[in-house]
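Engineer: 3D model of this:
(one chain, ligands or ions: 1)
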Amino acid sequence: MQTWTATHQRMWIGGQWVDSVTGETVTVINPANGEVVGDVPKAGRKETAQAVDAAHQAFPAWSGLTAAERGAYLKKWAEEIRRNRESLARLLTMEQGKPLSEALEEVDAAADFSEWYGEEAKRVAGEALPGSKRDQRILVIRQPLGVAALITPWNYPATMVTRKMAAALAAGCTVVLKPASQTPLTAAFLMQLLEKTGLPTGVANLVTGNASEIGQALLDDPKVRKISFTGSTEVGKQLIEASARQVKRLSLELGGNAPLIVFSDADVDRAVAAAVGNKFENCGQMCNGINVIYVHEHLLDDFLQKLVERVGQLRVGFGWEPGTEIGPVIDESGIRKIDELVRDAVEKGAEILTGGRRLLEGPLARGTFYAPTVLAGVSFDMRITQEEIFGPVAPVVSFSDEEEIVKRVNDTPYGLAAYFFTKDIRRAFTVAEGLEFGMVAVNGTSLSVPQAPFGGIKESGQGREGGRYGMEEFLNIKYLSINL
Ligand code: NAP
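Structural biologist: Numbers count the residues shown, from 1 in each chain. Below you'll find the model as predicted:
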């Protein structure tokens, strides 16, 4: 039995915890049982303008600190996150649905991003170039670009906040955060922990509520110099168009269609373990999650048998119950999309080997649960190979020609992540170089770590998060020509 008292969280603007001017709120629902987890203010233009003003006022003093001073706040934030890991993870599970074990991993990763950028702050450096005249000296310096707006999605409510915010703060920017309306409580908790570090007033601000109004206010305000967005390709495209008016800097982490290719010489057991680990993490709701699995025809029977056996054992349930491996899909629209894609595949000839339906038995009927699913006999004319599934469904396509399969998986508007298994070193390099994706993992699926540049190409986005590359997104380059 899980007991939960619904909580009301406020926005953090200019160092004050405040409600919306209208007093309206957004209710946060637990996707596992439909119960209310809490609520947050439903803010719009006015509160966004206040948050931007606060960040703008705080910018000169914050950017004037030494890098080590800024870094110290981030390291303290990481400590606070670690100290509160259990309660943060529990809240994350209640509003997002993922198993507690995954929520704990996410909270740990969120702390790691903050700690890493706390260290990296000190390593922002410039360059001295040779002059073109004897008395000329050329310096290149990097400066924080000002107020940055950070817009985050619901699928990783903790890491998406710290991955953006720690990089921005380390660089010397001040920030306004707008988290997803399904998962704003984790963001509010993270801001409370940031406040505990003694962060100066207005350096970080939180607004919640009406996405299009808040987004428009951020786009219209010339004091906002940068928008860092993670979410759907559709909203990302709207931001590109709208940001053109002020030529605002943008970085975008958008949707994906990640292939996993299992070549004829692959270690099948490792490939199956990786396929299950990645595909079913967070109930398949991961932008860099495997969308479709391509298996060489010689390995197909062995691979499918092991995959189905493992997927059939996955424990679906409430995230807070020990042993749960798969939680709910985030909401009804997520379930509808998954269902449509599976039905389209079956109508065009795919076979359901396990799962293939919404789970409505017993207490699961109160939530949005979908059975972990394996589809065989999948082909490229099915929508499921072309669109992001964002659910616990593993479609398997058989192939025979190595060059052909690389061409086929590249033939998508997306380009975030790709995975493949092979023991051949030559193939490892040629295929990795030939895949048109921002990130490629060989013989494994681990990608999101603090030191590496996470991000995509084509319609999966622009810019990078993580590592020194993530910090560049919040810095301007200035060239100084000095004549003696
Ligand atoms: P979404 O609808 O685009 O929402 C993402 C964020 O944008 C939310 O905070 C949302 O606020 C806000 N938003 C919505 N409309 C807006 C507007 N007009 N102006 C400004 N902000 C606006 O996407 P989602 O459904 O939450 O997230 C799932 C998608 O994110 C998937 O496609 C996934 O692949 C992608 N994703 C990508 C990465 C990556 O790193 N590449 C990581 C995670 C997720 P509200 O919630 O209030 O509407």
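Engineer: what are the ranges of the strands in the stretch 101-250 of the chain?
Structural biologist: Applying DSSP state E, counting those that start in this stretch to the stretch 101-250 of the chain gives strands spanning 127-130, 136-144, 147-151, 174-178, 204-206, 224-230, 249-253.
Engineer: Quick one: name whatever helix or strand follows the host helix or strand of residue 260.
Structural biologist: According to DSSP states H and E, residue 260 maps onto strand 258-262. Using DSSP H and E, the next helix or strand after strand 258-262 towards the C-terminus is helix 268-279.
Engineer: Sheet partners, orientation included, of the following helix or strand past that following helix?
Structural biologist: Using DSSP H and E, the helix or strand that follows helix 268-279 towards the C-terminus is strand 290-296. If you go by DSSP bridges, strand 290-296 pairs up with strand 258-262 (parallel), strand 393-399 (parallel).
Engineer: what residues does the following helix or strand past strand 290-296 touch?
Structural biologist: Later in the chain than strand 290-296, the nearest helix or strand by DSSP H and E is helix 300-312. Contact with helix 300-312 is made by 262, 268-269, 271-273, 275-276, 280, 293, 295, 353-355, 372-374, 376, 394, 396, 398, as judged by Cβ atoms under 8 Å, 6 or more residues apart in numbering. All C-beta atoms are positioned from the backbone trio N, CA, C, and that covers glycine.
Engineer: please redo it, this time with the cut-off set to 10 Å
Structural biologist: With contacts defined as Cβ atoms under 10 Å, 6 or more residues apart in numbering, helix 300-312 is touched by 262, 266, 268-269, 271-273, 275-277, 279-280, 293, 295-296, 299, 326, 353-355, 371-374, 376, 392-394, 396-399.
Engineer: Residues of the stretch 201-350 of the chain that sit close to the ligand?
Structural biologist: 211-212, 215, 230-232, 235, 238, 253-256, 287 (Cβ under 6 Å from any ligand atom).
Engineer: can you list the residues you listed in TSV and add pLDDT?
Structural biologist: Shown next, in TSV, are those (pLDDT from 0 to 100):
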residue	pLDDT
211	98
212	96
215	98
230	98
231	97
232	96
235	98
238	98
253	97
254	97
255	94
256	95
287	95
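Engineer: Take those and, keeping just the buried ones, write it as a PyMOL select command.
Structural biologist: Buried residues within those, by 16 or more other Cβ atoms under 10 Å, are selected in PyMOL with:
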select buried, resi 215+230+231+235+253+254+255+256+287
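Engineer: farthest pair in the residues of the stretch 201-350 of the chain next to the ligand?
Structural biologist: The largest separation in these, counting by Cβ to Cβ, is between 212 and 256 at 24.0 Å.
Engineer: Quick one: list the elements packing against the host helix or strand of residue 430.
Structural biologist: Element membership for residue 430, per DSSP H and E: helix 425-434. Helix 425-434 makes packing contacts with helix 402-410, strand 417-421, strand 439-442 when contacts are defined by 3 or more Cβ pairs under 10 Å, 6 or more residues apart in numbering; DSSP states H and E.
Engineer: From the centre of the chain, point out the most distant residue.
Structural biologist: The C-alpha centroid of the chain is most remote from residue 134, which lies 49.5 Å away (Cα atoms, centre = their mean).
Engineer: just to revisit the earlier point, can you tell me which of the helices and strands packed on helix 425-434 is most buried?
Structural biologist: strand 417-421 (a mean of 27; mean count of other Cβ atoms under 10 Å).
Engineer: ok now do the nearest residue to residue 380 once chain neighbours are set aside, which residues does it touch?
Structural biologist: Counting by Cβ to Cβ, 6 or more residues apart in numbering, residue 408 is the residue found nearest to residue 380 once chain neighbours are left out, at 6.5 Å. If a contact means Cβ under 10 Å, 6+ apart, then residue 408 has 259, 261, 294, 380, 385, 397, 399, 401 as its contacts.
Engineer: mind redoing it with 8 Å?
Structural biologist: With Cβ under 8 Å, 6+ apart, residue 408 has these contacts: 294, 380, 399.
Engineer: The chain - how does it break down into domains?
Structural biologist: What automatic domain parsing lists as the domains of the chain is 7-255+460-483, 258-411+417-449.
Engineer: mind showing which ranges of the chain have poor pLDDT?
Structural biologist: 1-2 (pLDDT under 70).
Engineer: if I look at the residue farthest from the centre of the chain, how far off is the ligand?
Structural biologist: 49 Å (Cβ to the nearest ligand atom, to the nearest Å).
Engineer: start the count at 5, not 1, going forward
Structural biologist: From this message on, residue numbering opens at 5, which makes the last subject residue 138.
Engineer: Distance-wise, check that residue relative to residue 487.
Structural biologist: According to Cβ to Cβ, to the nearest Å, residue 138 stands 10 Å off from residue 487.
Engineer: Count the residues that sit near the residue lying closest to residue 488 once chain neighbours are set aside.
Structural biologist: Distance criterion Cβ to Cβ, 6+ apart; nearest residue to residue 488, sequence neighbours excluded, is residue 139 at 4.2 Å. Look at residue 139: counted by other Cβ atoms under 10 Å, it has 8 neighbours.
Engineer: same deal with residue 126?
Structural biologist: Residue 126: 13 neighbours (other Cβ under 10 Å).
Engineer: cool, residue 155 as well?
Structural biologist: Neighbours around residue 155, by other Cβ under 10 Å: 24.
Engineer: That one bridge partners, please.
Structural biologist: With DSSP bridges as the rule, residue 155 is bridged to residue 182, residue 233.
Engineer: My guess is it contacts residue 232. True?
Structural biologist: Yes - contact between residue 155 and residue 232 holds when scored by Cβ atoms under 8 Å: they sit 7.2 Å apart.
Engineer: Tell me which of the helices and strands packed on helix 429-438 lies nearest to residue 128.
Structural biologist: strand 443-446 (23.8 Å).
Engineer: what does the next helix or strand after the closest one contact?
Structural biologist: Beyond strand 443-446 on the C-terminal side, the first helix or strand identified by DSSP H and E is strand 465-466. Identification of contacts with strand 465-466 by Cβ under 8 Å, 6+ apart yields 240, 254, 255, 256, 257, 258, 420, 442, 459.
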